[in-house]
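Enquirer: A structural model of the following input is requested.
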Amino acid sequence: GGLLFFGIFAVLYGLYTFGNYIISPEPMSMDAVFKPIIALTLGLAVYDLGKTIFEQEVLPKTQHVSETFNAKTLLNFSVSIIIALLIEALLVVFKISIHNYKDLPYASSFIAALAFLLLVFAVFIFLVRKSESAPLDTHEGGLDS
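Expert: Next up, the predicted model:
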């Protein structure tokens, strides 16, 4: 519940902050745009994490839901986290290109790490699909009728 609340709070904070920047008589800077986007992205990712934990940990105990491994939920959660990280990486590159080019290697390291994460995620999807399509062998060591 706390994660859901914090996610909603961060989204509302991002919207409130952006609304204040629009209403403010001061000229809008790029930093003023980055902060609400970061808050929105973080809020949506935290909300999705809370929703996933609720679906996996609370609902199976209160409803008749299978407790077997559900790869689809993990995949949905991972996709939302990866998208949030990619948005953050894009914002980091823009912010660094506006302020200080000497920090660009840090942003490229972040993007390289995300590329590796995408590669691992693709392998995971491949293995899950392969295991779901593989037929189960029921004749090994079993009783023959």
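Enquirer: What is the neighbour count of M28?
Expert: For M28, the count of nearby residues is 11 (other C-beta atoms under 10 Å). (Glycine included, C-beta is placed from N, CA and C.)
Enquirer: Could you check the pLDDT of it?
Expert: Confidence at M28, expressed as pLDDT, is 73.
Enquirer: Report whether the expected contact of it with N20 is present.
Expert: No. Look at M28 against N20 with C-beta atoms under 8 Å: they stay out of range, at 10.7 Å.
Enquirer: Need the overlap of contacts for those two.
Expert: Both M28 and N20 lack any common contact, where contact means C-beta atoms under 8 Å, 6 or more residues apart in numbering.
Enquirer: With adjacent residues omitted, what lies nearest to the most centrally placed residue in the chain?
Expert: The centroid of the chain falls nearest to I81 when counting by C-alpha atoms, centre = their mean (1.0 Å). Distance criterion C-beta to C-beta, 6 or more residues apart in numbering; nearest residue to I81, sequence neighbours excluded, is A45 at 5.8 Å.
Enquirer: how far away is that neighbour from S80?
Expert: Distance, A45 to S80, by C-beta to C-beta, to the nearest Å: 6 Å.
Enquirer: Name the residue in those two with the higher neighbour count.
Expert: Between A45 and S80, A45 has the larger neighbour count (other C-beta under 10 Å), namely 21 against 17.
Enquirer: Now do the same contact list for that one.
Expert: A45 is in contact with G7, S80, I81, A84, counting by C-beta under 8 Å, 6+ apart.
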